[in-house]
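Q: Here is a sequence with its predicted model. Questions after.
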There are 2 protein chains.
Amino acid sequence: MSGLLSRLGVRLPIIQAPMAGTSTPQLAAAVTEAGGLGSIALGAVDAAAGREMIAAVRRGTNGPFNVNLFCHRPARSDPTLNAGWLAALAPTFASFGAAPPAAISEIYTSFAADAEMLAMLEETRPPVVSFHFGLPPAAAIARLKSTGALLLATATSLAEAQASVAAGVDAVVAQGWEAGGHRGVFEPGAPDGRLGVAVLTRLLVKQVPVPIIAAGGLMDGAAVAGVLALGAQAAQLGTAFVACPESSADSYHRDALMGPGAVATEMTDLISGRPARCLPNAFTALSETLQATPRPDYPIAYDAGKALAAAARARGDGRYGAQWAGQGAPLARALPAAALMAALERELELARRPS
Amino acid sequence: MSGLLSRLGVRLPIIQAPMAGTSTPQLAAAVTEAGGLGSIALGAVDAAAGREMIAAVRRGTNGPFNVNLFCHRPARSDPTLNAGWLAALAPTFASFGAAPPAAISEIYTSFAADAEMLAMLEETRPPVVSFHFGLPPAAAIARLKSTGALLLATATSLAEAQASVAAGVDAVVAQGWEAGGHRGVFEPGAPDGRLGVAVLTRLLVKQVPVPIIAAGGLMDGAAVAGVLALGAQAAQLGTAFVACPESSADSYHRDALMGPGAVATEMTDLISGRPARCLPNAFTALSETLQATPRPDYPIAYDAGKALAAAARARGDGRYGAQWAGQGAPLARALPAAALMAALERELELARRPS
């Protein structure tokens, strides 16, 4: 069945999700070495840092890996909106003896408008490239294809999957509403059907003519077996890898993941300006007071969110971080990546054995 | 693996979900005759009507079947709240040349407070009894157990599943947020983790010591295979059966299910006073104007909702009905129940074959 696995060059139907700020080249290399597909996230870095991350993966493995890019519509900066948002956050900054930044800006460039990143990828030629928050321009897709890269795109709906296939991607990541971190919706203001991973996978498998990779809340080998039975050709797991020592999650994030809030993740757009699933913390709790205040575009709002997290951390309070996690968080395991991959493989084998 | 199937007395791991107002004794009998477990919903009827429904199932099959009961906390009627709600709906009634009812009330009794229903069940002894919206008092559970009935309860969270097991139920229906119709939350005002079916199933399989039945967005045999791989012992499908000729769905409901809105089901509490997943229609579209108006308790609000649907239908407008459906609605098939069950069995077999 699995054309996708041979095209990816992997033995196991398991992709470690790219997680900007949390996944690392070391994590990606360890996953690839264990037979899955490791991923690095270049969404929040520039071309020079991206080049170094790609080199770091290659120092850890000769195998394939995936490079993920954010393809949102570039932010529109509205000074009045920005000032209003900073004013709304000011009391929380003040509780840490701090003031909001004087101004906030688009802290990183969308791949849809990043010529240097594209040129760097043409040079470094990663074997797999994936898109999140939408698709890059047709010319960028054509240039990436000419490097031989296999192209993936996140879709949260049938319409987004169809647009991805029309643009030429080779496989679609079906991101269920359960997924941790940023929801990949192309248009954050549009109505969102919030489809669960099982429904979305089944729908796309039946209606889209490329391989489907299921994502969202998948934490163990039985979950991988489940989405394979639904017709996916691979599973993408993110939160499952957050507690690995190879991730760059800070201790506050790890503690929150292993704590009682894991059963109650929330979708919030307060932290970054785009909906993302987070462990409940002091930042998500601001939703009551901030719900009526319009947020600046992503990632301008994230500039404020990161400043607030830093102000809190400076006073020893880690509860304002972007502690992304999916609904499967209660099943997270703190294992080295190689041990986790071995467990996933064993569990997958067991779950696929005919009963 | 499947202790549950032998205890239910069925050949296939497929339960037709009870759907008050939509499922029928004829549908239940046809599903049971095809090797699954048919269900009837007694949540919105009294003991006399329930007795007749049980007899009607038995006229259609000698096999097992499930009788479902609503166990919500009995409604508290607040005349001011009721009047405010009716006033908010009045312009919509007026658009059909009608007025809202003068008063609204608790149109049916919770099983938690229905001695006649309990006595009828002790007499008629259905082989399987299931609870939704919570659990009945301990004495009712003990009396049902003494009839020999296998007891099931819907849970949307680990805490609800644990409460169900502590109360003595034999298996738990893990209802994902994808599911159509009324969400089974015990306490509708409490925070809701909105767990998807895959995550919830995995969580309960690992942490609850009774068999798990997965529900929510499951539409075909591959979806059944998927939840079995996740560790469920059976799948419960509701929306998959709505378009069967044996259901009592009206033509408006059937048309909406087969129409373009199927990809965009919404969770709404406008129609009944409790969250329920519905095809998008003119009633769900009232959410913009009504979102700030407090709703009367379920099922008092449903009294108003049913009156509005009737007023609209009287003018040939079917867009105000309780057109419940799960997120899997785009995969609905209009087949007789026996043909649908045969297709599900074939698809399940295919999906479970080792690749």
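A: In hand now; what should we look at?

Q: buried set for stretch A:167-174?
A: By neighbour count on 16 or more other CB atoms under 10 Å in any protein chain shown, the buried set for stretch A:167-174 is A:167, A:169, A:170, A:171, A:172, A:173, A:174. The way it works is simple: take the backbone N, C-alpha and C, and place the C-beta from them, glycine included.

Q: brain fart, stretch A:5-14
A: Of the residues in stretch A:5-14, those buried by neighbour count under the rule 16+ other CB under 10 Å are A:5, A:7, A:8, A:10, A:12, A:13, A:14.

Q: Let me have the buried residues of stretch A:167-174 in TSV, extended by pLDDT.
A: Supplementary listing: the buried residues of stretch A:167-174 in TSV, determined by pLDDT from 0 to 100:
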residue	pLDDT
A:167	98
A:169	98
A:170	98
A:171	98
A:172	98
A:173	98
A:174	98
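
Q: Next step: these restricted to helices.
A: Among these, the subset assigned to helices under DSSP state H consists of residue A:167.

Q: which bits of the stretch 101-250 of chain A sit near chain B?
A: For the stretch 101-250 of chain A, the residues in contact with chain B under the definition CB under 8 Å from any CB of the partner chain are A:157-158, A:176-178, A:191, A:193-199, A:202-203, A:205-206, A:216-220, A:222-223, A:225-231.

Q: The residues you listed in strands, which ones?
A: When DSSP state E is applied, those are split such that none fall in strands.

Q: Tell me which stretches of chain A form strands.
A: Per DSSP E, chain A carries strands over the ranges A:14-16, A:38-41, A:65-70, A:128-132, A:150-155, A:171-175, A:181-182, A:212-215, A:234-237, A:266-268, A:276-278.

Q: Run through the neighbouring helices and strands of the last one.
A: Looking back up the chat, that one is strand A:276-278. Using 3 or more CB pairs under 8 Å, 6 or more residues apart in numbering or on different chains; DSSP states H and E as the contact definition, the elements that strand A:276-278 packs against are strand A:181-182, strand A:266-268.

Q: which stretch among those strands comes nearest residue B:123?
A: Closest approach to residue B:123 among the helices and strands packed on strand A:276-278 (CB to CB): strand A:266-268, 47.3 Å.

Q: Output the contacting helices and strands for that closest one.
A: Secondary structure elements in contact with strand A:266-268, counted by 3+ CB pairs under 8 Å, 6+ apart, are strand A:276-278.

Q: Need the residues that contact the strand it packs on.
A: By CB atoms under 8 Å, 6 or more residues apart in numbering or on different chains, the surrounding residues in contact with strand A:276-278 are A:178-183, A:265-269, A:271, A:284, A:322-327.

Q: sorry, back to before: select only the buried ones of the residues of the stretch 101-250 of chain A next to chain B in PyMOL?
A: Written as a PyMOL command, the selection of buried residues from those, which uses 16+ other CB under 10 Å, is:
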select buried, chain A and resi 157+158+176+177+178+193+194+195+196+197+198+199+202+203+205+216+217+218+219+220+222+223+225+226+227+228+229+230+231
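
Q: The residues of the stretch 101-250 of chain A next to chain B in helices, which ones?
A: Among those, the ones falling in helices (DSSP H) are A:158, A:197-199, A:202-203, A:205-206, A:222-223, A:225-229.

Q: Counting neighbours, what do you get for the closest residue to residue A:100 other than its chain neighbours?
A: The shortest distance from residue A:100 to any residue other than its chain neighbours is 4.1 Å, reached at residue A:86 (CB to CB, 6 or more residues apart in numbering or on different chains). Residues contacting residue A:86 under the criterion other CB atoms under 10 Å in any protein chain shown number 21.

Q: Show me what the worst-scoring helix or strand of chain A on mean pLDDT is packed against.
A: Among the helices and strands of chain A, helix A:287-290 carries the lowest confidence by mean pLDDT, DSSP states H and E, at a mean of 93. Applying 3+ CB pairs under 8 Å, 6+ apart, one finds that helix A:287-290 makes contact with helix A:79-94.

Q: So for the helix it packs on, what gets flagged as buried?
A: Using 16+ other CB under 10 Å, the residues of helix A:79-94 that count as buried are A:81, A:82, A:85, A:86, A:88, A:89, A:92, A:93.

Q: List the residues that contact residue A:134.
A: A:71, A:72, A:73, A:112, A:186, A:187.

Q: For the buried residues of stretch A:5-14, please prepare CSV with the additional fields pLDDT and distance to residue A:275.
A: Putting those into CSV (pLDDT from 0 to 100; distance: CB to CB, whole Å) gives the following:
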residue, pLDDT, distance to residue A:275
A:5, 98, 31
A:7, 97, 31
A:8, 97, 28
A:10, 98, 30
A:12, 98, 30
A:13, 98, 28
A:14, 98, 26
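
Q: Now render those residues as TSV, adding distance to residue A:278.
A: Listed next are those as TSV, based on distance: CB to CB, whole Å:
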residue	distance to residue A:278
A:5	32
A:7	34
A:8	30
A:10	30
A:12	29
A:13	28
A:14	24
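
Q: So which of those sit within helices?
A: Per DSSP H, helices hold the following members of the buried residues of stretch A:5-14: A:5, A:7, A:8.

Q: now residue A:235, nearest residue through space, not along the chain?
A: Counting by CB to CB, 6+ apart, the residue nearest residue A:235 is residue A:224, at 4.3 Å.

Q: OK, contacts around the one you found?
A: Residues A:13, A:14, A:218, A:235, A:237, A:344, A:347, A:348, A:351 are the ones in contact with residue A:224 under the rule CB under 8 Å, 6+ apart.

Q: Look up how far residue A:198 lies from the third one.
A: The span separating residue A:218 from residue A:198 equals 10 Å under the rule CB to CB, to the nearest Å.

Q: Need the overlap of contacts for those two.
A: Each of A:226, A:227, B:198 lies in contact with both residue A:218 and residue A:198 under the rule CB under 8 Å, 6+ apart.

Q: Not counting sequence-adjacent ones, nearest residue to the last one?
A: Excluding the flanking residues, the one nearest residue B:198 by CB to CB, 6+ apart is residue A:198, at 5.0 Å.

Q: Restricted to buried residues, select the contacts of residue A:134 in PyMOL.
A: Applying 16+ other CB under 10 Å to these, the buried members can be selected in PyMOL as follows:
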select buried, chain A and resi 71+72+112+186
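
Q: Max pairwise distance over the contacts of residue A:134: which two?
A: The distance between the two most remote of those (CB to CB) is 13.3 Å, for A:112 and A:187.

Q: Distance of residue A:326 relative to residue B:333?
A: The gap separating residue A:326 from residue B:333 is 31 Å, by CB to CB.

Q: which of those two has more neighbours?
A: Taking other CB under 10 Å, residue A:326 and residue B:333 do not tie; residue A:326 has more neighbours (32 against 15).

Q: what's the pLDDT at the residue lying closest to the more buried one once chain neighbours are set aside?
A: Counting by CB to CB, 6+ apart, residue A:326 lies nearest to residue A:180, which is 3.4 Å off, once chain neighbours are set aside. In the predicted model, residue A:180 carries a pLDDT score of 98.

Q: next one: residue A:279
A: 98.

Q: same thing with residue A:291?
A: Confidence at residue A:291, expressed as pLDDT, is 89.

Q: any idea how far it lies from chain B?
A: Residue A:291 sits 12 Å away from chain B when distances are taken as CB to the nearest CB, to the nearest Å.

Q: cool, and residue A:22?
A: As it turns out, when the distance is counted by CB to the nearest CB, residue A:22 lies 20 Å from chain B.

Q: residues contacting that residue?
A: The contact partners of residue A:22, by CB under 8 Å, 6+ apart, come to A:181, A:242, A:247, A:248, A:249, A:253, A:324.
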